[in-house]
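*Asks:* Build me a structure from this.
(chains A and B)
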Amino acid sequence: MAVAETHPQAVPEPVTKPASTSTLVRVARYTAVRLLTLFVTVVIGIYLTILIANMGGYVDQIMKGEIRDRIQTMFITSPSFQKLSPEARKKLMEESIALEEKRLGLDIPVAVRDARYLTSALSLNLGRALNMTSDSGSKEVRLILLERLPATLLLAGISELFLFFTSVFLALSLSRRYGSFWDKLTITFSPTSSAPPWFYGIFLILIFAAIFRVLPFGGMVDSPPPRNPVDYGLSLLKHLILPALAIIVSQIFLSIYNWRTFFLIYSSEDYVEMAKAKGLPSRDIERRYILRPTLPTIITQFALLAITLWQGFIITETVFLWPGLGRTLYQAIGLYDIPVIVGSTIIYAYLLAVTVFLLDFVYALVDPRVKVGGS
Amino acid sequence: MNTLKNSFREILRYPSAIVGSVVILLLVATAVYATVKIPYKEAIRLWRGGEEVWYRNPKFAPPTWINFFSSTKLPVSFAVDTSNGTMSKTVTPGAQGTGTVAISYSFDFQYDEPPQELFLYFTAKYVQKQPFASVAWLTPDGRKIRIDDFGVSQRQTFPFSQDQRLQQRLNGQDPMQALFTDPKTHAIVKGEYQLQLVGTTFEEGSDINTEFVFHGRLYGLAGTDQARRDLIVPLLWGTPVALAFGLIASLGTLVLTMVIAAIGTWYGGWVDELIQRITEINLVLPFLSILILIGTFYSRSIWVILGVTVLLSIFTGSIKSYRAIFLQVKESMYIEAARAYGASDFRIIFRYLIPRMIPLLIPGLVSSVPAFVFLEASLAVLGLGDPVLPTWGKIINDAETNGALYKGYYYWILEPAALLMVTGFGFAMLGFALDRIFNPRLRDV
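*Replies:* Numbering: from 1, shown residues only, chains lettered A, B, ... in the order given. Next up is the predicted model:
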């Protein structure tokens, strides 16, 4: 995560051997400007998220009210405080409230606190959560998020990778024989992708968990978790089937349709017709004349898909009680845990910025027609 | 105009477009029917109403049409009342201001299980002397069971199952079992049952009215939820809410995106630059998280959520693709001509640039509706639905929180889900077809 303390001049040049000084200057200038604008974008984006996450101080009122309520209840119900005189008890109570507010930083003005959140977020110092704890008992935001990352990577990673490669592969073969039965079937079913994964999830739970009772309703492993690693893996797999299937079913047809249409546009280019007329084998045509020019788009889609994995699937994870990042984010919002929300957002923002930045260079590498920083 | 007419003719050649249009028309008709049949205020009263509105319905009752698909027939709920004439009542005046009120109701019972509960709700008119009522139960096999005798106060409820004396008289058996089964074989007795009620009044002008409520195991066309509410109300009213949310969000987003893209491209320079930067910042913002934040902390009103949705959906990738097209259009001859005759910037943007894009807009408009309809449902499933309005997503949320899937109340989730699916697929099918019609590049492929 070196990007955090980026200075425009500190970035290594991607071009190892400059063709000419003008290319070097152009690339350097482009890199500097691009990094600066991306950094400013991230700063503004994160600041807006922080502002929304505490509603310009409105959430403070909620939190203060809750603290007062909780501590008052504690003083009223706990017998150990009953021995104190009313004045002493009241004083102690006010002190406890002030202490708790100080712990959560509520004694500092909102603007100052927001600025602190921003600077520590930008330097990837994610800090401590207000109310949440990780399963291992830590309050470090970093640990809370890292603990949930494998669950999200498992569910979202497997289903999205499967989706991506299956649809690109199937789309290529469909684009070769458009108008066929399978092609028409894909077109007919593509409206099914208008429904989100959780929607199919409910149906899948209904059929496989509630009626046939063959797969679990939700969760990630059986309870108690099996000791034996093989049983653990099998249990994990059993719990993974329904949510992964929900994500795949909800997107597969539209994904195939979009890729198919995209490939078709490229396969009706003149040079492809020419290659066909020359009698080149269709495998070669596909690889050299269709996949090659579409490679930048495929890479972009893949990169963007990879970073969306970070946020997980908030609702699908909630419906399936899957302990991933999406559900954590939803829980954090319910607990007013701003550091966790900001922590999750900043990592996404950085991943996005770095990806967008690197993609420009990847295009230049893949496609000789593209020049970095060229107009 | 001619192109639009041709496009319309073209639509008829796509079966999916016809199906989609029919679905949308049916939905619009349902929405109109719902708003006319149940006015807004009445819908809110029913949806927010508690026991006082819904005491006649059983809880968690599946719809009555379940019986068509099941071999065990479950009893269907009903309620009859003497004050509106659905239950017969004859008053015979006696001596010295006394009177006899005879109330009876017979019904055909052809089901395989006893009902959940029976109730008698009394309203009596008197000044000093309470009227008296004795209730009896006639079974199809000719037995007559004395239910109870009691004085009737001005408002009184008599739940059959909770009456101690009745239970003792039935040898400790559950009254619902005892009243509907044969005492020896314990099998359900089918046929015509009769409820007989003889009331005696002791004053001039004293009267008894009663309502007989039969909580069966099924109710109505759509069933009921945990608060005894008839699900037909939120199912019907969810239609206009979903359509309004989907269409307004989709139209608002598309029109605003297009206008902003047109202004940016036309003026160029820093305006264009600013729009580009805002778009990039918006990409960083977590869309769903922000909606959840706003729903949790600020307001769950559907209109606030709608506004934020539109605001966050304007500056997305689509503004870039519009910009690319506007950049081409900007260089066309007819724009040059408009500039030459001295048209203002405003006139060029709204009379020449934007109308050019309308054909492109229509497919996008239709196909983005499902996303917004499902977005509203998604938020409701997370428990962030509008607190006042009945929506489909809220039914699913209620069902989920009450464990409908675990307890087997499948109708509760399937009904709103089916409507959501029909709406989503209807718009998506039409949108797909329109896309192929209006974007000729895709037509052949």
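
*Asks:* Let me know the next secondary structure element after the longest helix anywhere in chain B.
*Replies:* Selection of the longest helix in chain B by residue count, based on DSSP state H, yields helix B:232-267. Downstream of helix B:232-267, the first helix or strand assigned by DSSP states H and E is helix B:269-284.

*Asks:* ok, residues contacting that next one?
*Replies:* A:37-38, A:41-42, A:44-46, A:48, A:345, A:348-349, A:352-353, B:260-261, B:263-265, B:312, B:315-317, B:319-320, B:323 (C-beta atoms under 8 Å, 6 or more residues apart in numbering or on different chains). All C-beta spots, glycine's among them, are computed from the backbone N, C-alpha and C.

*Asks:* of these, buried ones?
*Replies:* A:38, A:41-42, A:44-46, A:48, A:345, A:348-349, A:352-353, B:260-261, B:263-265, B:312, B:315, B:319, B:323 (16 or more other C-beta atoms under 10 Å in any protein chain shown).

*Asks:* Show me what counts as buried in the helix or strand that contains residue B:24.
*Replies:* Here residue B:24 sits within helix B:15-37, counting by DSSP H and E. Using 16+ other C-beta under 10 Å as the test for burial, helix B:15-37 gives B:16, B:17, B:19, B:20, B:21, B:23, B:24, B:27, B:30, B:31, B:34.

*Asks:* Repeat that for stretch B:200-210.
*Replies:* B:200, B:201, B:202, B:203, B:206, B:207, B:208, B:209, B:210.

*Asks:* Give me the subset of these that also touch chain A.
*Replies:* The subset of those within reach of chain A, counting by C-beta under 8 Å from any C-beta of the partner chain, is empty.

*Asks:* In CSV, list the residues you listed along with pLDDT and distance to residue B:373.
*Replies:* Shown next, in CSV, are the buried residues of stretch B:200-210 (pLDDT from 0 to 100; distance: C-beta to C-beta, whole Å):
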residue, pLDDT, distance to residue B:373
B:200, 90, 59
B:201, 90, 57
B:202, 89, 62
B:203, 86, 60
B:206, 86, 57
B:207, 88, 52
B:208, 89, 51
B:209, 90, 46
B:210, 92, 46
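
*Asks:* if we take the residues you listed, which one ends up nearest to chain A?
*Replies:* Nearest to chain A among these is residue B:210, at 41.0 Å by C-beta to the nearest C-beta.

*Asks:* contacting residues for the nearest residue to that closest one once chain neighbours are set aside?
*Replies:* Distances taken as C-beta to C-beta, 6 or more residues apart in numbering or on different chains place residue B:122 nearest to residue B:210, at 5.1 Å, with adjacent residues excluded. Counting by C-beta under 8 Å, 6+ apart, residue B:122 makes contact with B:133, B:152, B:153, B:155, B:156, B:157, B:158, B:208, B:209, B:210.

*Asks:* do that again at 10 Å, thanks
*Replies:* Residue B:122 makes contact with B:82, B:131, B:133, B:150, B:152-158, B:197, B:199, B:208-211 under the criterion C-beta atoms under 10 Å, 6 or more residues apart in numbering or on different chains.

*Asks:* same question, residue B:30
*Replies:* Here residue B:30 is in contact with B:235, B:236, B:237, B:238, B:239, B:240, B:243, B:419 (C-beta under 10 Å, 6+ apart).

*Asks:* so how far is residue B:241 from it?
*Replies:* For residue B:30, the distance to residue B:241 (C-beta to C-beta, to the nearest Å) stands at 12 Å.

*Asks:* so how far is the longest helix along chain A off the chain centroid?
*Replies:* What stands out as the longest helix in chain A, according to DSSP H, is helix A:229-267. Here helix A:229-267 shows a centroid-to-chain-centroid distance of 17 Å under the convention C-alpha atoms, centre = their mean, to the nearest Å.

*Asks:* try stretch A:22-30
*Replies:* Worked out by C-alpha atoms, centre = their mean, stretch A:22-30 lies 33 Å from the chain centre.

*Asks:* which strands and helices sit next to the helix or strand following the helix holding residue B:24?
*Replies:* Where DSSP H and E defines the elements, the next helix or strand beyond helix B:15-37 is helix B:40-48. Identification of packing neighbours for helix B:40-48 by 3 or more C-beta pairs under 10 Å, 6 or more residues apart in numbering or on different chains; DSSP states H and E yields helix B:15-37, helix B:51-54, helix B:232-267.

*Asks:* Could you export these as JSON lines, including mean pLDDT?
*Replies:* JSON lines is the format used below for these (pLDDT from 0 to 100):
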{"stretch": "helix B:15-37", "mean pLDDT": "93"}
{"stretch": "helix B:51-54", "mean pLDDT": "88"}
{"stretch": "helix B:232-267", "mean pLDDT": "93"}
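
*Asks:* Weed out the non-buried ones from the contacts of residue B:30.
*Replies:* Using 16+ other C-beta under 10 Å, the buried ones in the contacts of residue B:30 are B:235, B:236, B:237, B:238, B:239, B:240, B:243, B:419.

*Asks:* Check the chain for me, the residue farthest from its geometric middle.
*Replies:* I'll assume chain A. residue A:85 (53.7 Å; C-alpha atoms, centre = their mean).

*Asks:* To clarify, I was referring to chain B.
*Replies:* residue B:340 (56.3 Å).

*Asks:* picking that back up, OK, contacts around the residue farthest from the centre of chain A?
*Replies:* residue A:91.

*Asks:* okay, and the helix or strand of chain B with the least pLDDT?
*Replies:* helix B:440-443 (a mean of 56; mean pLDDT, DSSP states H and E).

*Asks:* now, among the contacts of residue B:30, which is nearest to chain A?
*Replies:* residue B:419 (11.9 Å).

*Asks:* I'd like the next helix or strand past whichever helix or strand residue A:275 is part of.
*Replies:* Here residue A:275, judged by DSSP H and E, is contained in helix A:270-278. Using DSSP H and E, the helix or strand that follows helix A:270-278 in sequence is helix A:282-284.

*Asks:* Residue 230: neighbour count?
*Replies:* By default, I'm working from chain A. Residues within reach of residue A:230, counting by other C-beta atoms under 10 Å in any protein chain shown, total 8.

*Asks:* meant chain B, my bad for not saying
*Replies:* Residue B:230: 23 neighbours (other C-beta under 10 Å).

*Asks:* if we can go back for a sec, where's the residue farthest from the centre of chain A relative to chain B, distance?
*Replies:* Separation of residue A:85 from chain B (C-beta to the nearest C-beta, to the nearest Å): 39 Å.

*Asks:* re earlier: pick out the most distant pair among the buried ones among the contacts of residue B:30.
*Replies:* Spatial extent of those (C-beta to C-beta) is set by the pair B:235 and B:243 at 13.5 Å.

*Asks:* Doesn't the residue nearest to residue B:210 belong to a strand?
*Replies:* Yes: checked against DSSP: H, G, I helix; E, B strand; the rest coil, residue B:122 lies within a strand.

*Asks:* To what extent is whatever residue of the stretch 101-250 of chain B ends up closest to chain A buried, counted in neighbours?
*Replies:* At 10.7 Å from chain A, residue B:246 is the closest residue in the stretch 101-250 of chain B, using C-beta to the nearest C-beta. Number of residues near residue B:246 (other C-beta under 10 Å) recorded here: 24.

*Asks:* surely it meets residue B:374?
*Replies:* Yes: the criterion here is C-beta atoms under 10 Å, and residue B:246 meets it with residue B:374 at 8.8 Å.
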